[in-house]
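>>> Quick one: sequence plus predicted model below, questions after.
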Amino acid sequence: MNIVPIGEPIRVLAAFSAGAVEPLQFHWGNRAHEIEAVNGRWIDRSSGGLCLHFSVQAGPETYYIHFGAQDVQWWLDQVVTE
């Protein structure tokens with residue numbers, strides 16, 4: 001297993017319903033990644049703002065992404081590969 005830190009902004013297609021956010025797809029570079037499953041989600045308020053974190057499955061890779069409410073931006077934090 002390899003954990004690769006990324007730290008880059010990404011574009012995310014997400015559904016908002018009943019106060020919940022569900023990421024469906026993200027674009028990193030020139031490639032779209034369909035999110036097959038959300039493995040986990042958590043909220044971080046420690047940085048003075050609200051960050052919504054997600055562990056998502058897209059193919060064989062697991063991606064850690066988050067939405068920062070302060071900068072209104074989605075970020076790709078890291079990729080876990082086999």
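Here it is on my side, so go on.
>>> For the residue nearest the centre of the chain, give me its contacts.
The chain has I65 as the residue nearest its centroid, 2.1 Å off, counting by Cα atoms, centre = their mean. Counting by Cβ atoms under 8 Å, 6 or more residues apart in numbering, I65 makes contact with I10, V12, P23, F26, H53, F54, V56, W74, W75, L76, D77. In this view, the C-beta of every residue, glycine as well, is placed from N, C-alpha and C.
>>> Specify the beta-bridge partners of it.
Beta-bridge partners recorded for I65 (DSSP bridges): F54, L76.
>>> circling back to that earlier point, looking at the contacts of I65, which one is closest to G40?
F54 (7.2 Å; Cβ to Cβ).
>>> Hmm, the closest one is touching I43, no?
No. Using Cβ atoms under 8 Å, F54 is not in contact with I43; the gap is 10.6 Å.
>>> which of these two has more neighbours?
More neighbours surround F54 than the other of F54 and I43, with 23 against 10 (other Cβ atoms under 10 Å).
>>> Now do the same for the more buried one: its pLDDT.
Predicted confidence (pLDDT) for F54: 98.
>>> for E36, same thing?
At E36, pLDDT is 98.
>>> wait, what's in contact with it?
Contact analysis of E36 by Cβ under 8 Å, 6+ apart lists V56, Q57, A58, G59.
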